[in-house]
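Q: next one to model:
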Amino acid sequence: RYRNRVRVSRALSRIEDGETDLAGLAHTLGFSDQPHFTRVLRSELDHTPDQVRSLLTA
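A: Coordinates of the predicted model:
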């Protein structure tokens, strides 16, 4: 669980910096694939990556 929180924190930072390639981001952060990344992000934050991007850029 700690590892996922660290990876989600790094993902948030990258998304806020303008990262758009979610598959590449997922791979870079150690997720098996983009759907795995999306599931973990949703379980940790109750939002999908697109929702998080919208919230961070609003």
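Q: from now on I want contacts and neighbour counts done on CA atoms only, so please keep to that.
A: Fine.
Q: what comes up buried for stretch 21-35?
A: Leu22, Ala23, Leu25, Ala26, Phe31, Gln34 (16 or more other C-alpha atoms under 10 Å).
Q: wait, the first one sits on Gln34?
A: Yes - with contacts counted by C-alpha atoms under 8 Å, Leu22 reaches Gln34, the gap being 6.4 Å.
Q: for this structure, what spans make up the helices?
A: 2-16, 22-28, 34-45, 49-57 (DSSP state H).
Q: neighbours around the nearest residue to Glu44 once chain neighbours are set aside, how many?
A: Sequence neighbours aside, Arg5 is the residue nearest to Glu44 in space, at 7.3 Å (criterion: C-alpha to C-alpha, 6 or more residues apart in numbering). A count of nearby residues for Arg5, using other C-alpha atoms under 10 Å, gives 14.
Q: surely Arg5 is in contact with Leu45?
A: No - applying C-alpha under 8 Å, one finds Arg5 not in contact with Leu45, separated by 9.8 Å.
Q: about what we covered before: and the residue nearest to Glu44, how far is that from Ser32?
A: From Arg5 across to Ser32, the span is 16 Å (C-alpha to C-alpha, to the nearest Å).
Q: could you check how far His27 is from Ser54?
A: 22 Å.
Q: least confident secondary structure element in the chain?
A: helix 49-57 (a mean of 89; mean pLDDT, DSSP states H and E).
Q: in that one, what counts as buried?
A: Pro49, Val52, Arg53.
Q: how about the first one, nearest residue that isn't a chain neighbour?
A: With C-alpha to C-alpha, 6+ apart as the measure, Thr38 is the residue that lies nearest to Pro49, at 6.4 Å, once sequence neighbours are left out.
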